[in-house]
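Asker: Sharing a model that was predicted from the sequence below.
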Protein chains: 4
Amino acid sequence: MNAAIRAITRKAIHEGFNVFGIERGYEGILNEEIKPLLRRDVGGIITTGGTYLKTARFPEFKNPQVQQEAYRILRQYDIDHLVVIGGDGSMAGAQALTNLGMSTITIPCTIDNDMGGTQYTIGFDTAVNTVVQCVGKIRDTSSAHERVAIVEVMGRHAGHIALQSGLACGAEIVLLPEHPLPLTEVCERLNETHRNGKTYSVIIVAEGAYNSYEVSDFIKANTYLDPSVTVLGYLQRGGAPSAMDAIMAARMSELAIDALLDGRDNRIIGYVDGALRALPYKEAKEITYPIQEEQYELVSILSS
Amino acid sequence: MNAAIRAITRKAIHEGFNVFGIERGYEGILNEEIKPLLRRDVGGIITTGGTYLKTARFPEFKNPQVQQEAYRILRQYDIDHLVVIGGDGSMAGAQALTNLGMSTITIPCTIDNDMGGTQYTIGFDTAVNTVVQCVGKIRDTSSAHERVAIVEVMGRHAGHIALQSGLACGAEIVLLPEHPLPLTEVCERLNETHRNGKTYSVIIVAEGAYNSYEVSDFIKANTYLDPSVTVLGYLQRGGAPSAMDAIMAARMSELAIDALLDGRDNRIIGYVDGALRALPYKEAKEITYPIQEEQYELVSILSS
Amino acid sequence: MNAAIRAITRKAIHEGFNVFGIERGYEGILNEEIKPLLRRDVGGIITTGGTYLKTARFPEFKNPQVQQEAYRILRQYDIDHLVVIGGDGSMAGAQALTNLGMSTITIPCTIDNDMGGTQYTIGFDTAVNTVVQCVGKIRDTSSAHERVAIVEVMGRHAGHIALQSGLACGAEIVLLPEHPLPLTEVCERLNETHRNGKTYSVIIVAEGAYNSYEVSDFIKANTYLDPSVTVLGYLQRGGAPSAMDAIMAARMSELAIDALLDGRDNRIIGYVDGALRALPYKEAKEITYPIQEEQYELVSILSS
Amino acid sequence: MNAAIRAITRKAIHEGFNVFGIERGYEGILNEEIKPLLRRDVGGIITTGGTYLKTARFPEFKNPQVQQEAYRILRQYDIDHLVVIGGDGSMAGAQALTNLGMSTITIPCTIDNDMGGTQYTIGFDTAVNTVVQCVGKIRDTSSAHERVAIVEVMGRHAGHIALQSGLACGAEIVLLPEHPLPLTEVCERLNETHRNGKTYSVIIVAEGAYNSYEVSDFIKANTYLDPSVTVLGYLQRGGAPSAMDAIMAARMSELAIDALLDGRDNRIIGYVDGALRALPYKEAKEITYPIQEEQYELVSILSS
C-alpha cells in the first residue's frame, strides 16, 4: 500500500497536481486528518509494510449524512479528485462520494484478491509468499517429526490465498470456503496417502472453511495422527511488499492518475487478462473472478 | 525448476505415463544419465532452489551428429516424449530433436525472461524478488551513509531483471542494454537530484549495459559522490522459488502434459496476456516481448 | 541439527572413526535403522532445516528392558561411542545407556534453551530469529490498523523464547511461565500505554503461560481493544539455521569428538560464560539457567 | 544501531535524563544537528536497518581545535554525558572529548567485530547472517551448475565475517587477511576436492585478503574451473537486525546508562566471556580479540 501511496503522490505531482494525504481513510476525512504530500514525504516508504497513512475501520461511513459531511469537507479543501486505495468497503465509499459529485478512482488493495473487476489486488502476492515461506519452515519440522501440519490462513469468503499458497508450497490438502471438504474425507485422504508411504502432510485451511483447531481435533479423534496447528493471522498482512506487488502498485497508480487526466474517473483500476484497465464501478462489480476449479484439482494431482 | 520437475513427474504419472529423469540436460542423454522417476522421488523438492536433475552447458549439442546420437539413445530407452525445461539454447535443442522425429515440449525457464513466445519464464519472479530484497538492505546503508549504491544484476541482452527490480525497489536510475544511458547523463541526474535534497541514490546496472566498477569509477571522477558497488551474480539464480514461480511451474507443467496428450506437441508453453498457451516453436520465435518503454519512463517519474 | 550431524560425521571421520547414522533416534536403534555415514552423505545439508536423520518421540525408551535391548544392538554393530543430539529426554536416554556401559556424549539441541549445564542449546537462536521476523511483519499491520497483536510462541516450562524475542522485537508485554502476569494487569498496562499515545501493542505469550485466545478474549471483554491472534507453532522449529546455530553446531560437534578422544565421555557439551565445556551428566543437571530477571524488567523499561 | 538508539533513549529517560539525539555523528555536533529525543520518537525503529540518526565520515574530528569546538557546543547545550555508538574511530573521538572533560560511554557497533575490549560488536551477527543467507542461494546454483562460487565479504583488516560465515555456511575455503592462503594452494585444494567427487565449492574472500576477481582469474587460468563472482558490499551493512544484535543493543545500552549513573564513565561497553562489562578506554584498547585459529582449522576439517 505504501508503494501505491508513493507512486500516486509522485505521478500526480509529475502531472501538475497538488497532492494531499488523508490519514485513517474515511474517518480521517471527517476528522480532517488531511495534509499536503510532497515528493520527499513518500521517499523511502516503498519497501515498508503496513500503511504510511494508517487505516481504520469506519462503518459509520455507510450513513448518507456522514458521506455528505465528508464530501463537504473535501470540497472545503478544494480537493477535486479522490484516489481510494482499498477493498470492497473502500470502493463502496468511493462510489457513494462519486454519487455526490466527487471525482474518484479506486486502486484495488486487499490481500484477499476478491474484488470485482480485477483479477489481482495489491497485497495478494506478498501474502501468498509469506504463507509459502512459513509453510516451508513448518514442512521442515513436519518432515523431521513425520507429522501432519495444519496451517490456517486468511480468506473468510474466498479461498484465493489458501489455494494459491497450497499450489505453491505443494500442500497435500487445501480447505476452502468454496470447497469445505468434509472432515471425514480429509481423514480418509490422510490415511490413504500415509498408507502409500507419505510420512507427513500439510493442510492449508482458509479461515472461512474451518477453524483449524476443529480440524486438528477431528483428525486426532479419527486417525492415529497428531496434527500441529499454526495460525498465521496478521502475519499475512505485513512485511515488505513482494516485487510483483510493488510493481503492480506503481503501474496501477500511474493508470489511476492518467485516467483522472483523461476524464475516465469513477472507476476501479483492474488487472484483467494480463493488462491494466480502468473499469466503471458498476461494470466492475458485475465481473467477479472466483477461484479456478482446475487449479483446485491440480493441488490434488500434484500432491497425492 | 524443481517445482517444474515435480509437477511434470506427478502430472505425467497421473495421466498414465512412465517418467524418466535425465540429469545434466542434453549431456546427460549422451551419458545415459537416465533414471526412472516415481512420485516419491520428487517429494519435498518444491521449495528448494537449484535443480534436482543438475544442469550443464553442452555446446556440442549443436552438432547434428550429436543430436542424432541423442535421438537414438532416447528411442533405445523407449522414450516417446521429451519435456525440456530451460531457455533459448534448450529450446533450440528440443527443436532439433523434434526435427529428427521426437515429440517434445519446452517449458520456458530462465531468470532473464527473454524467450520468444512467452511474456514469462520460470525463475524471473524469484530473481527479481532476490534483487529487491538485496537492494532493500543496501538502501538502509546508503540512506544512513548518504551515498550512491550501484547494484549489478544479470541481463546480458535484455534488461528485464534490472527494469522490474528497479521499478519494484524505487531505484533512482536503471541502466539497461536497451537504454545504456551515457555516464555523463547519469552524473548529471545524480547531481540534480542530490541538489534537490535527495541524500542517496540506488543505480541498478544490467551486466549487459555496463560493468558496475566502470560506472563507479566514472561517477567518482565526475561528481563529489563515492559510490559503493555490489555485484549480485549467482545469488540471483538460487533460493527457494517465489510463490509465483512455483505456481507457474505447476500450471505450465500441467499444460505441457495435457498438450502432449492432445497431440499439440513440438511447442513451447507460453504465458501470454494472462493465460497459458502451447505455441509451435516457429511461431513462438517470432513473437518477442521486449521491455516496456512506459515502464522505463515510470522509473524516472517515480524516483526523481 | 543437520549442521551438527554434518560436523560430527566429518570431524569423527577426520579423527579416524567409522561413523553410523541412526534414524528416528532411540526408536531407530530398536528398529536397526543404522547406516554408515560418509563425508559425501552429509554434503549440502548444513543450510537445511529439519533433521536429516528424522526424529521420533519414543517414550518406551524409559523402560530399562528397552534400554538393554538398545545397548545390545549398538554393541552388535560394534558401536563404541554414541553421540546424542537432543533435549532433556534425549540426554536421559544417553545417561541410561551410559549406565549400561556405552560411552556417550550429548549435544544440547532444543529450541527451548532449557537444559541443565548449558546456557545455550542449538536451535534457540534460529527460533528466536523466526519469532522476531514474524513479529516484524505483524507489527507493520498492527501499526497501520492501530491494534493489539498477540503472538503465541513455544515454551511450556521456560520462557526463554518469549523473553528473548520480546526483548529483540520491542514487545510491549511478555507473558512467561515464570511471570504469568495476571490478565487484569495486562489490561491495565494496555489502557495506560494507549492513553499515553501508543497506538498499538505487541504481546508475546509463551504457550506455558496462557492460551493466546484466552488472553485475547479477556482483553476484548475488559478494554475497548480488539486483539489479533497469531499462533506460530511448528514454524519456530524449522527453517535454515541462523549463523549462530550453525557455528555452535560445528564447534560443539568438534568438542564432542575431541572429548571422546580424550576419554572425557558421558558428558553434555555446555556453553557456559562464553566458552564450550564438556560437563558430566550429573553435574550438568544441577546447574540450571533460568531466565534473567533483569532482562524481564528491561522489556518493560524499553517498551512502555 | 537503531535498536541501540531506542534503548539508550528509553532507558535514559526512565532514569530521569533528558535525551538529545545528534545526527551525522561528530559532524552533527559541529553543525548543531542536535534535537531532543522523546520515548515516542524512537518507537517503531527497532526492526529497521540503517541509522535513524544518520552517520557521516568526519576525518576532521582528529583536529584538536575541532574537538574543542565540539566540546564547547555540547556544553552550550548543557549536555553532561555523551553516548557514542560506533567503531574504533568513534571511540577515539569519544576519548578525545573525555580528555577535554566530557563524560562519555562508547557502545561498540561495527559489522567487522574488530574493536578492543570486546568480543562482540553490534551489527556483526546481522552481517554474518546476511552472508550465510546469500551463500545459501549461491550454493543452490553452484550445486546445480557444478561450479566454484567466489563470494567477497567485508573485512579489510580482520577476517571475522569471512571466518564465521565460512564456518556457518560450510564454505570450502576462506581467505582471510590473517591467512591469505597463496592462490596456488587454493587451486591445489580445489583440484583435490573436485577429484574426490566434490562437484562444487564456495570460497569466501575477505576484501582485505584478495580482490575476488583476481582470485577468479587465477583459478580460471590454473584449473579447468570457471568461478562465478559475487561481491556483497553494502548489502552486509543493512537489513533488520538479527535477534542477537537487537538484544545486545538493548543490554549494552542498559549498561551504558547504568555505568553513567554509577560514575563508571569514559568506558567502552564490552562483551567478554559471556558477560557485559564497562572497561576504561585505555584498558580496552590493549585487549584485542583476533580470530580463533582453531575455528580457521575447523573450516578445513568440516568442508574438505
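Answerer: Now that the structure is in, tell me what you want to look at.
Asker: What segments of chain A are strands?
Answerer: A:20-22, A:34-36, A:81-86, A:103-108, A:148-153, A:173-175, A:201-206, A:228-231, A:267-272, A:275-280 (DSSP state E).
Asker: could those strands be laid out in JSON lines, adding distance to chain D and mean pLDDT?
Answerer: Any C-beta I mention is one placed from the backbone N, CA and C, and that applies to glycine too. Listed next are these as JSON lines, based on distance: least, CB to the nearest CB, whole Å; pLDDT from 0 to 100:
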{"stretch": "strand A:20-22", "distance to chain D": "18", "mean pLDDT": "96"}
{"stretch": "strand A:34-36", "distance to chain D": "18", "mean pLDDT": "95"}
{"stretch": "strand A:81-86", "distance to chain D": "21", "mean pLDDT": "96"}
{"stretch": "strand A:103-108", "distance to chain D": "25", "mean pLDDT": "97"}
{"stretch": "strand A:148-153", "distance to chain D": "23", "mean pLDDT": "96"}
{"stretch": "strand A:173-175", "distance to chain D": "27", "mean pLDDT": "97"}
{"stretch": "strand A:201-206", "distance to chain D": "22", "mean pLDDT": "96"}
{"stretch": "strand A:228-231", "distance to chain D": "20", "mean pLDDT": "96"}
{"stretch": "strand A:267-272", "distance to chain D": "29", "mean pLDDT": "97"}
{"stretch": "strand A:275-280", "distance to chain D": "32", "mean pLDDT": "97"}
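Asker: so which of those comes closest to residue A:119?
Answerer: Relative to residue A:119, the nearest member of the strands of chain A by CB to CB is strand A:267-272, separated by 5.4 Å.
Asker: Which secondary structure elements does that closest one sit against?
Answerer: Using 3 or more CB pairs under 8 Å, 6 or more residues apart in numbering or on different chains; DSSP states H and E as the contact test, the elements touching strand A:267-272 are strand A:103-108, helix A:243-262, strand A:275-280, helix A:281-286.
Asker: Which parts of chain A are helices?
Answerer: For chain A, helices defined by DSSP state H occupy the ranges A:2-14, A:25-30, A:64-76, A:88-100, A:124-145, A:160-169, A:183-195, A:212-222, A:243-262, A:281-286, A:293-303.
Asker: measure the residue lying closest to residue A:304 once chain neighbours are set aside to residue C:56 for me?
Answerer: Spatial nearest neighbour of residue A:304, chain neighbours left out: residue A:193 (6.0 Å); criterion: CB to CB, 6 or more residues apart in numbering or on different chains. Applying CB to CB, to the nearest Å, the value for residue A:193 to residue C:56 is 19 Å.
Asker: returning to what we had before: identify whichever of the helices of chain A lies nearest to residue C:179.
Answerer: Of all the helices of chain A, helix A:212-222 comes closest under CB to CB, at 26.4 Å.
Asker: need the residues of the stretch 1-150 of chain A near chain B, please.
Answerer: By CB under 8 Å from any CB of the partner chain, the residues of the stretch 1-150 of chain A that approach chain B are A:3, A:6-7, A:10-11, A:14, A:39-40, A:43-44, A:46-47, A:119, A:125, A:128-129, A:131-133, A:136, A:139, A:143.
Asker: Go again with 10 Å.
Answerer: Proximity of the stretch 1-150 of chain A to chain B (CB under 10 Å from any CB of the partner chain) is limited to residues A:3, A:6-11, A:13-15, A:38-40, A:42-48, A:119-120, A:124-133, A:135-137, A:139-140, A:143.
Asker: filter the residues you listed to the buried ones?
Answerer: Using 16 or more other CB atoms under 10 Å in any protein chain shown as the burial test, the residues of the stretch 1-150 of chain A next to chain B include A:3, A:6-11, A:13-14, A:39, A:42-48, A:119-120, A:124-133, A:135-137, A:139-140, A:143 as buried.
Asker: Of these, which are in range of chain C?
Answerer: Within those, those near chain C by CB under 10 Å from any CB are A:48, A:126, A:130, A:133, A:135-137, A:139-140, A:143.
Asker: Show me how the record splits chain A into domains.
Answerer: For chain A, automatic domain parsing gives the domain ranges A:2-123+A:241-286, A:125-238.
Asker: Look up the closest residue to the closest residue to chain D within chain A, ignoring the ones flanking it.
Answerer: Nearest residue of chain A to chain D (CB to the nearest CB) works out as residue A:48 at 8.4 Å. Ranked by CB to CB, 6+ apart and with sequence neighbours excluded, the top spatial neighbour of residue A:48 is residue A:2, at 5.4 Å.
Asker: I'd assumed residue A:54 was in contact with that neighbour.
Answerer: No: using CB atoms under 10 Å, residue A:2 is not in contact with residue A:54; the gap is 11.3 Å.
Asker: When those two are compared, which one has more neighbours?
Answerer: residue A:2 (24 against 19; other CB atoms under 10 Å in any protein chain shown).
Asker: remind me which residues of chain A are low pLDDT?
Answerer: For chain A, the stretches flagged by pLDDT under 70 are A:144.
Asker: if you set the cut-off to 90 instead, what comes out?
Answerer: Along chain A, the parts satisfying pLDDT under 90 run over A:1-2, A:24, A:39-59, A:139-147, A:192-200, A:224, A:238-239, A:303-304.
Asker: Which positions in it make contact with chain D?
Answerer: Within chain A, the positions near chain D by CB under 10 Å from any CB are A:44, A:48, A:50, A:240.
Asker: can you pull the contacts of the last one?
Answerer: Same thing as residue A:240. Residues in contact with residue A:240 (CB atoms under 10 Å, 6 or more residues apart in numbering or on different chains) are A:2-3, A:46-49, A:126, A:246, B:129, B:132-133, B:136, B:169, C:136-137, C:140, D:240.
Asker: Equivalent analysis for the first one, please.
Answerer: Shown in contact with residue A:44 (CB under 10 Å, 6+ apart): A:2, A:6, B:139-140, B:143, B:170, B:200, D:50.
Asker: How about residue A:115, nearest residue that isn't a chain neighbour?
Answerer: residue A:108 (4.8 Å).
Asker: is that neighbour in a bridge, and if so with what?
Answerer: In this entry, residue A:108 is beta-bridged to residue A:86, by DSSP bridges.
Asker: That one against residue A:1, yeah?
Answerer: No: contact criterion CB under 10 Å: residue A:108 and residue A:1 do not qualify, at 11.2 Å.
Asker: Counting neighbours, go ahead and name the busier of these two.
Answerer: Set residue A:108 next to residue A:1 and count neighbours by other CB under 10 Å: residue A:108 wins out with 31 against 25.
Asker: And the more buried one, how far from residue C:203?
Answerer: As judged by CB to CB, residue A:108 and residue C:203 stand 32 Å apart.
Asker: pretty sure the residue of chain A closest to chain D is touching residue A:239, no?
Answerer: Yes: counting by CB under 10 Å, residue A:239 is a contact partner of residue A:48 at 9.3 Å.
Asker: okay, and the common contacts of these two?
Answerer: residue C:140.
Asker: of all the domains of chain A, which gets the most neighbours per residue?
Answerer: For the domains of chain A, the largest average neighbour count (mean count of other CB atoms under 10 Å in any protein chain shown) is found in domain A:125-238, namely a mean of 22.
Asker: Now do the same contact list for the residue of the stretch 151-300 of chain A found nearest chain B.
Answerer: Ranked by CB to the nearest CB, the top residue of the stretch 151-300 of chain A for proximity to chain B is residue A:274, at 3.2 Å. Neighbouring residues of residue A:274 by CB under 10 Å, 6+ apart: A:119, B:119-120, B:271-275.
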